[in-house]
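Visitor: I would like to see how this sequence folds:
(one chain, ligands or ions: 1)
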Amino acid sequence: MQLIIFGAPGAGKGTQSKILCERFNLVHLSTGDLLRKEVKTKSELGYVIKKILDAGELVPNNIVGELLNIAIKSVKNKDGYILDGFPRTVDQAKMLEGIFKENNFKKPIILFLTADEKVVIERLSNRRQCSECSSIVIITAVKDNCCPNCGAKNSLFKRDDDNEETIKNRLEVYFKTTFPVLKFFKDEGEKIIEVLGTDPIEKVTKNILAKVK
Ligand code: AMP
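Guide: Numbering: from 1, shown residues only. Coordinates of the predicted model:
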């Protein structure tokens, strides 16, 4: 399976990607994860990236493209991929063809997870990520400070960009710069599969599988 998973921040791209990757032995290529990983190394580039992420702005194409290419080259023994968080601009969408050709990637299905703006703001404000298994959880599902997915204690953290001001800017950037990528794909004749991202997690997965088949 080859998928581009597209949608607003908080639409459930990360959660669904993890489920589908486990089920179908796919690699999850999340540019957000790749950028956060670079920040963790505390490299010079990491500091530059952190400032951009904390502001909710987009990281320049050359940096994202390079990290993505390195990640793709290290993929082994997988039955496909899910591209999550890329492309986020029309220029990045134009870069894709070259990336696919260079890495012998099959053409992906484009999946658009739709979500109401009010719901995603609430989701982003109330979510935590697990540093052990990297799953995303809603704070109401957390008991005794343990990750509901892997059980790790005190492993849940709030992403630095999940604060009110940055969320606002991330959504502005999404509607202004990322959303037009859908029109670009449509104009190119690509089929877009739409699934409501705000249904319960299992239902979203079920709907994705029914439509992707
Ligand atoms: P995400 O984990 O997908 O929500 O991404 C978190 C942040 O990483 C975004 O708000 C951007 O600052 C940055 N980012 C992720 N993917 C891209 C991309 N394709 N191009 C530019 N910046 C990106």
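
Visitor: what separates the nearest residue to Glu165 once chain neighbours are set aside from Val173, distance-wise?
Guide: Among residues not flanking Glu165 along the chain, Gly56 sits closest, at 7.9 Å (C-beta to C-beta, 6 or more residues apart in numbering). (Glycine included, C-beta is placed from N, CA and C.) Per C-beta to C-beta, to the nearest Å, Gly56 is found 6 Å from Val173.

Visitor: cool, and Ile4?
Guide: 18 Å.

Visitor: and these two? which has more neighbours close in?
Guide: Using other C-beta atoms under 10 Å as the criterion, Ile4 and Val173 rank with Ile4 on top: 25 against 18.

Visitor: If you count contacts, what does the helix or strand that contains Ile19 end up packed against?
Guide: Under the criterion of DSSP states H and E, Ile19 resides in helix 13-24. The contact analysis (3 or more C-beta pairs under 8 Å, 6 or more residues apart in numbering; DSSP states H and E) places helix 13-24 against strand 2-7, strand 27-30, strand 81-84, helix 201-212.

Visitor: In contact with Thr140, which residues?
Guide: Asn126 (C-beta atoms under 8 Å, 6 or more residues apart in numbering).

Visitor: scratch that, Val120
Guide: 8-11, 171.

Visitor: With respect to Val39, which of those is nearest?
Guide: The closest of those to Val39 turns out to be Pro9 (C-beta to C-beta; 17.1 Å).

Visitor: For the closest one, which non-adjacent residue is spatially closest?
Guide: Arg170 (4.9 Å).

Visitor: pLDDT on the host helix or strand of the one you found, on average?
Guide: Per DSSP H and E: Arg170 is located in helix 164-173. Helix 164-173 carries an average pLDDT of 95.

Visitor: Give the next helix or strand downstream of that helix.
Guide: For helix 164-173, the following helix or strand on the C-terminal side (DSSP H and E) is helix 180-187.

Visitor: Which neighbouring elements make contact with that next one?
Guide: Helix 180-187 packs on helix 90-102, strand 192-196, going by 3+ C-beta pairs under 8 Å, 6+ apart.
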